[in-house]
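>>> No sequence on hand, only this structure:
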């Protein structure tokens, strides 16, 4: 089982629901008033991910250097620390009116990258995105 944390907003580039990381960065950059404790919590969680989550080395089925990056990332259900922190991000986003949802699937698509806690997969037509 794989999990993906998304918002109700649609990403302009991928036309899929915006991932929680993108939403958190957008909230931090926005003009919306954010309580200092919430801003600090968002930054602390995002900093933790920078140290503990590798950026996928590949986001396309093609190995060509300019191939479109159409894969999306999913957590393995065993990535407990990462998932716990995603819930923290979601709680802060929800507090500021950004609805979040957890997608679950056994069929994330064609896997193009994987490590111990995550995969990146080009979704199948029936993959929830």
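Arrived safely. Computed from a predicted structure; not experimentally measured.
>>> Identify the residue spatially nearest to the residue nearest the centre of the chain, adjacent ones excluded.
Geometric centre of the chain, nearest residue: residue 19, 4.1 Å, by C-alpha atoms, centre = their mean. The shortest distance from residue 19 to any non-neighbouring residue, by C-beta to C-beta, 6 or more residues apart in numbering, is to residue 6 (6.0 Å). No exception for glycine: its C-beta is placed from N, CA and C like everyone else's.
>>> next one: phi and psi at that neighbour?
phi -130, psi 170 (degrees, to the nearest 10).
>>> how many other residues sit next to it?
Neighbours of residue 6 under the rule other C-beta atoms under 10 Å: 22.
>>> Pretty sure it sits against residue 17.
Yes: assessed by C-beta atoms under 8 Å, residue 6 is found in contact with residue 17 at 4.0 Å.
>>> what is in contact with these two at once?
Residues touching both residue 6 and residue 17 (C-beta atoms under 8 Å, 6 or more residues apart in numbering): 101, 129.
>>> in the protein, which spans are helices?
For the chain, the helices defined by DSSP state H occupy 20-29, 36-52, 80-95.
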